[in-house]
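Q: Just the structure for this:
(one chain, ligands or ions: 3)
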Amino acid sequence: MRKQCFAERYYADHFSHLQKRYDRALENHRIDKLLVYSGAVKTRFQDDLPYPFFPAAQFKAIVPLINAPESWVIWQAGNKPILLLYQPEDYWHVVPQLLESYWTPYFTIVSIVEKEQASEFFGDTQHSAFLGEPNRHIKEWIAGQYNPEPLIAELNWHRSYKTLYEQACIREANKTSSKGHIAARQAFYHRASELDIALAFQQACQQSEEMLAYPSIVAVNQHAAILHYWGRDSSVPGRTHSLLIDAAASCYGYAADITRTYSFYHGLFADLITALDRVQRELVSKHQVGVRYFDLNVLALHKIPVILEDAGVLKMSATTAVECGVAGHFLPHPLGHFLGLQVHDVGANQRDASGALIDIDPNYPRFRMLRTIEPNQVVTVEPGIYFIEPLLKQLQQGKHRNAIDWALVAQLRSCGGIRIEDNVLITEDGPQNLTRIAM
Ligand code: GLY
Ligand code: MN
Ligand code: MN
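A: Ligands and ions are numbered 1, 2, ... in the order given. Below you'll find the model as predicted:
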């Protein structure tokens with residue numbers, strides 16, 4: 001009920017943004033119509049079992065329908081966009097039903113029962129552009145351009161500024177996710193398995209796996225040192241040390257992306273979590289209009305080793321640890337990314353709408369958020385401290401091995417690592433932490 005409220009309130013304005021954005025893009029690229037395809041259901045190799053369906057982001061950028069394969073949006077400047085909704089006569093699978101919703105009045109909605117029927121609505125495709133994942137049939141139907149890069153660059157550029165509707169969707173996804181995170185934390189302190197923690201998260205969010213913003217990372221103990229750990233141990237380890245849970249719900253196709261880390265015991269690891277939490281909040285507060293994301297990434301890279309130096313893990317100064325490359329072994333990923341229809345949303349390294357890219361700094365090849373902070377961007381801020389076996393091995397075999405207290409590392413490696421990740425909306429008045437507001 002609440003969702004319906006906010007969506008209704010903001011959608012008219014969002015749609016008028018879309019109209020201007022798409023009409024202008026068509027004109028700029030001399031394209032007379034856009035044919036946007038949601039995608040096909042794929043099956044496993046030599047099998048009839050389907051993979052879960054996820055629509056192309058270009059499709060859900062226009063229509064908030066996540067469960068509609070083989071459907072199309074036909075966009076022509078000045079016309080009401082047409083949604084071709086594929087509703088086959090099928091009693092094996094669920095057929096998407098169209099209930100009247102906050103967005104439906106903005107589209108002419110046509111039901112098609114055969115995939116091939118779509119092409120009857122395309123008209124002359126000579127000057128059209130197709131957006132989506134093409135297949136052989138589609139290539140026979142459409143004569144125009146396929147996923148033209150300059151057009152996509154322009155659309156992606158605009159996607160990096162979220163409308164009020166999009167901000168509200170991400171805010172709502174944060175609210176739902178917060179219920180999941182509270183349930184997951186409780187399950188962890190009751191010594192639940194990774195599988196049960198993941199299920200507790202999902203149950204509290206009331207979202208199926210496919211609806212979640214991405215596959216949850218539910219990492220107990222040293223599993224937290226695997227950055228994208230997708231395992232689900234169903235047994236509880238003999239001794240529980242830590243939980244890193246990176247999991248989030250979605251709302252109308254928009255993602256949240258949230259990580260929390262917990263320690264089962266008081267002590268060094270718990271102290272590191274507290275220290276990183278303080279640094280994370282400080283980094284969030286620096287997300288002010290006009291600052292470069294790159295500089296905040298560098299700042300994070302300097303702040304993390306200070307925590308390790310204070311804890312005695314580093315026996316060299318934090319500054320030296322940065323200079324000689326030791327620090328990077330404990331934080332091997334960037335500080336954050338754009339967030340929206342995609343978890344790692346588009347446009348983070350574009351110079352402008354033309355698609356020209358900002359040069360990557362050879363000293364920091366991992367940094368991909370190269371833009372300057374502007375209002376209405378939504379980003380994650382997710383510093384971490386990890387004890388990753390292959391990276392520890394490099395340190396142990398390297399010339400700086402004596403700069404590390406290996407006895408402390410031995411205590412910490414069973415905890416895997418820490419990440420604290422919030423979603424932040426940039427405003428003229430400063431950053432708004434959508435995650436902390438929701439939790
Ligand atoms: N959940 C993936 C990420 O934090 O980027
Ligand atoms: Mn993230
Ligand atoms: Mn994440």
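Q: Quick check: the gap between residue 388 and ligand 3.
A: 17 Å (CB to the ion, to the nearest Å). All C-beta spots, glycine's among them, are computed from the backbone N, C-alpha and C.
Q: which residues touch that residue?
A: Each residue near residue 388 by CB atoms under 8 Å, 6 or more residues apart in numbering is listed here: 225, 226, 227, 329, 332, 417.
Q: let's see 7 Å
A: Applying CB atoms under 7 Å, 6 or more residues apart in numbering to residue 388 gives the contacts 225, 332.
Q: what do you get for the one 4 residues further on?
A: When contacts are counted by CB under 7 Å, 6+ apart, residue 392 is found next to 409, 413.
Q: so it, which of the three states?
A: The local conformation at residue 392, judged by DSSP: H, G, I helix; E, B strand; the rest coil, is helix.
Q: just the one 4 residues further on next, same as before
A: The three-state label given to residue 396 by three-state DSSP is helix.
Q: tally of neighbours for it?
A: Counted with other CB atoms under 10 Å, residues neighbouring residue 396 total 12.
Q: Find the nearest non-adjacent residue to it, please.
A: Leaving aside its sequence neighbours, residue 396 sits nearest to residue 406 (CB to CB, 6 or more residues apart in numbering; 7.4 Å).
Q: Which residues in stretch 272-280 does the neighbour count mark as buried?
A: For stretch 272-280, the neighbour count (16 or more other CB atoms under 10 Å) marks 272, 273, 275, 276, 279, 280 as buried.
Q: Same question for stretch 321-335.
A: Residues of stretch 321-335 classed as buried by neighbour count (16+ other CB under 10 Å): 321, 322, 326, 327, 328, 329, 330, 331, 334, 335.
Q: Quick check, pLDDT for the closest residue to the third one other than its chain neighbours.
A: This points to residue 326. Excluding its sequence neighbours, the residue lying closest to residue 326 (CB to CB, 6+ apart) is residue 400, at 5.1 Å. With respect to pLDDT, residue 400 scores 95.
Q: Give me the contacts around stretch 276-285.
A: The contact list for stretch 276-285, computed with CB under 7 Å, 6+ apart, reads 296, 299-300, 303, 307, 335, 381, 383, 385, 418, 420, 422, 424, 431, 433.
Q: Okay, and which of these map to strands?
A: Per DSSP state E, strands hold the following members of the contacts of stretch 276-285: 381, 385, 418, 422, 424, 431, 433.
Q: okay, now the first one: neighbour count?
A: Which is residue 381. That count, for residue 381 with other CB under 10 Å as the rule, works out to 26.
Q: So it sits against residue 336, correct?
A: Yes - Residue 381 lies in contact with residue 336 (CB atoms under 7 Å); the separation is 4.9 Å.
Q: separation between residue 186 and residue 382?
A: Computed with CB to CB, to the nearest Å, the distance linking residue 186 and residue 382 is 23 Å.
Q: if you count what's nearby, which of the two comes out ahead?
A: Using other CB under 10 Å as the criterion, residue 186 and residue 382 rank with residue 382 on top: 22 against 13.
Q: Enumerate the beta-bridge partners assigned to the residue lying closest to residue 188 once chain neighbours are set aside.
A: In this structure, residue 188 finds its nearest non-sequential neighbour in residue 243, 4.3 Å apart by CB to CB, 6+ apart. Beta bridges link residue 243 to residue 220, residue 262, judged by DSSP bridges.
Q: Which per-residue confidence value corresponds to residue 243?
A: With respect to pLDDT, residue 243 scores 98.
Q: Roughly how far does the residue in the stretch 251-400 of the chain positioned nearest to ligand 1 sit from residue 65?
A: Proximity of the stretch 251-400 of the chain to ligand 1 (CB to the nearest ligand atom) peaks at residue 257, 4.9 Å away. Residue 257 sits at a distance of 22 Å from residue 65 (criterion: CB to CB).
Q: more neighbours, these two?
A: Per other CB under 10 Å, whichever of residue 257 and residue 65 has more neighbours is residue 257, with 27 against 20.
Q: quick one: contacts for that one?
A: Neighbours of residue 257 in contact, by CB under 7 Å, 6+ apart: 213, 248, 339, 343, 380, 421, 423.
Q: Give me the neighbour count for the second one.
A: Look at residue 248: counted by other CB under 10 Å, it has 31 neighbours.
Q: Same question for residue 201.
A: Close neighbours of residue 201, defined as other CB under 10 Å, add up to 26.
Q: I figured it was touching residue 249, is that so?
A: No - using CB under 7 Å, residue 201 is not in contact with residue 249, being 9.0 Å away.
Q: intersection of neighbour lists for those two?
A: residue 180.
Q: Give me the residue ranges of the chain where confidence is low.
A: Counting by pLDDT under 70, the low-confidence segments of the chain come to 1-4.
Q: could I get the buried residues of stretch 321-335 as TSV with distance to ligand 2 and secondary structure?
A: Putting these into TSV (distance: CB to the ion, whole Å; DSSP: H, G, I helix; E, B strand; the rest coil) gives the following:
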residue	distance to ligand 2	secondary structure
321	24	helix
322	23	helix
326	24	coil
327	20	helix
328	18	helix
329	20	helix
330	18	coil
331	14	coil
334	9	coil
335	10	coil
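Q: Can you lay out those as CSV showing distance to residue 37?
A: Shown next, in CSV, are the buried residues of stretch 321-335 (distance: CB to CB, whole Å):
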residue, distance to residue 37
321, 49
322, 47
326, 48
327, 45
328, 41
329, 44
330, 44
331, 39
334, 32
335, 35
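Q: which ones among these come in contact with ligand 1?
A: With CB under 6 Å from any ligand atom as the criterion, the buried residues of stretch 321-335 include none near ligand 1.
Q: Closest to residue 117 out of the contacts of stretch 276-285?
A: residue 424 (44.2 Å; CB to CB).
Q: so what's the closest residue to that closest one other than its chain neighbours up against?
A: Counting by CB to CB, 6+ apart, residue 431 is the residue found nearest to residue 424 once chain neighbours are left out, at 4.8 Å. Residues near residue 431 by CB under 7 Å, 6+ apart: 284, 285, 287, 424.
Q: mind checking how far residue 431 is from residue 220?
A: For residue 431, the distance to residue 220 - CB to CB - is 31 Å.
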